[in-house]
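**Q** What follows is a predicted protein model with its sequence.
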Amino acid sequence: MTHRILVVDDEPDITALVAYHLAKAGFRVSTASNGTDALKAAREERPDIVILDLMLPGVSGYDILAELRKREETREVGVILLTARREETDRIRGLSLGADDYLTKPFSPQELSLRVSGLLRRLGSPAVSAGSTLSAGPISIDRSAHRATIHGQELSLTATEYKLLLTLVERRGRVQSRPQLLEIVWEAQPDIQTRTVDMHVQRLRTKLGETGKLIETVRGFGYRFRGNERGAKSR
């Protein structure tokens, strides 16, 4: 099945360039030039990934991202921010709002296609055997359904957050360096910075609430999911 990509940018030349290369790579591509059309297309077309510019007329890309993550029908869509904003504060804000990736202009169309393919792999990771559930304290991860719950309540996680949580829980008790997490979760994509790991861990902890304290920071190295929690097991 061909994956559908929605490109949101108000610059016709950029939109045409991105759409051309993604279509050449075999994706079905649709476009939008403003926030209203982008949200409508995301709701009606259900794209697998939205490539989103931040500087749009009327409604900013940040607002669109927040709305995508808030709505039930679009909260799990992959989002790659493609923007001329290069400041770390912009990257941090985008990742904090739930973006899966961040690429700055000018960009390599080939790299963008690779990042799209990498994110699609994270979104559709092969399921483990049916009923394969991983538990750690109040957290339960159904690997076959690609879903995580805490105290029985389903967590609203992006594909990247889910893979990050799964990786930490699967390796509980062992310290995972930032480069290790980049290699596993982000598949060592070029230009991805270790700060990206920190922002996703911070967002994941927030979603976990009190249970977020089980993700420990190992200063100067990385993170560890506390491994001595009662009930931590796989079945």
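**A** Alright, I've got the coordinates. Numbers count the residues shown, from 1 in each chain.
**Q** out of everything not next to it in sequence, what's closest to the residue most central in space within the chain?
**A** By C-alpha atoms, centre = their mean, the chain has its centre lying nearest to Asp100, at 2.8 Å. Nearest residue to Asp100, sequence neighbours excluded (C-beta to C-beta, 6 or more residues apart in numbering): Thr160, at 4.7 Å. To be clear about C-beta, it is placed using only N, CA and C from the backbone, and glycine gets the same treatment.
**Q** Looks to me like the one you found is in a helix.
**A** Yes: per DSSP: H, G, I helix; E, B strand; the rest coil, Thr160 lies within a helix segment.
**Q** how close does it get to Met55?
**A** Using C-beta to C-beta, to the nearest Å, one obtains 23 Å as the distance from Thr160 to Met55.
**Q** Same question for Asn34.
**A** Taking C-beta to C-beta, one finds Asn34 at 12 Å from Met55.
**Q** Next: Leu39.
**A** 17 Å.
**Q** And Asp10, by the same measure?
**A** 8 Å.
**Q** can you give me the helices for this protein?
**A** 12-24, 35-45, 61-70, 88-96, 109-123, 159-170, 178-185, 194-208 (DSSP state H).
**Q** Which strands or helices does the fourth one pack on?
**A** With contacts defined as 3 or more C-beta pairs under 8 Å, 6 or more residues apart in numbering; DSSP states H and E, the secondary structure elements packing on helix 88-96 are helix 61-70, strand 78-83, strand 101-104, helix 194-208.
**Q** Out of these, which is closest to Leu123?
**A** strand 78-83 (5.3 Å; C-beta to C-beta).
**Q** what separates the closest one from the chain centre, distance-wise?
**A** The chain centre lies 10 Å from the centre of strand 78-83; the measure is C-alpha atoms, centre = their mean, to the nearest Å.
**Q** do stretch 11-20 as well
**A** Taking mean C-alpha positions (C-alpha atoms, centre = their mean), stretch 11-20 and its chain are 23 Å apart.
**Q** before we move on, back to that, Throw the helices and strands packed on helix 88-96 into TSV and include distance to Ser177, thanks.
**A** Output for these, formatted as TSV (distance: least, C-beta to C-beta, whole Å):
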stretch	distance to Ser177
helix 61-70	28
strand 78-83	25
strand 101-104	20
helix 194-208	9
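**Q** Which of the residues in stretch 174-188 are classified as buried?
**A** By neighbour count on 16 or more other C-beta atoms under 10 Å, the buried set for stretch 174-188 is 176, 178, 180-182, 184-187.
**Q** quick one: Arg226 and Arg174 touch, right?
**A** No: with contact defined as C-beta atoms under 8 Å, Arg226 does not count as touching Arg174 (11.0 Å).
**Q** Least confident secondary structure element in this structure?
**A** Among the helices and strands of the chain, strand 233-234 carries the lowest confidence by mean pLDDT, DSSP states H and E, at a mean of 52.
**Q** Quick one: mean pLDDT for stretch 65-77?
**A** Averaged over stretch 65-77, pLDDT sits at 88.
**Q** which intervals of the protein have sub-threshold pLDDT?
**A** 1, 124-131, 188-192, 227-235 (pLDDT under 70).
**Q** I'd guessed Leu6 sits against Ser33; true?
**A** No: when contacts are counted by C-beta under 8 Å, Leu6 is not listed as touching Ser33 (11.6 Å).
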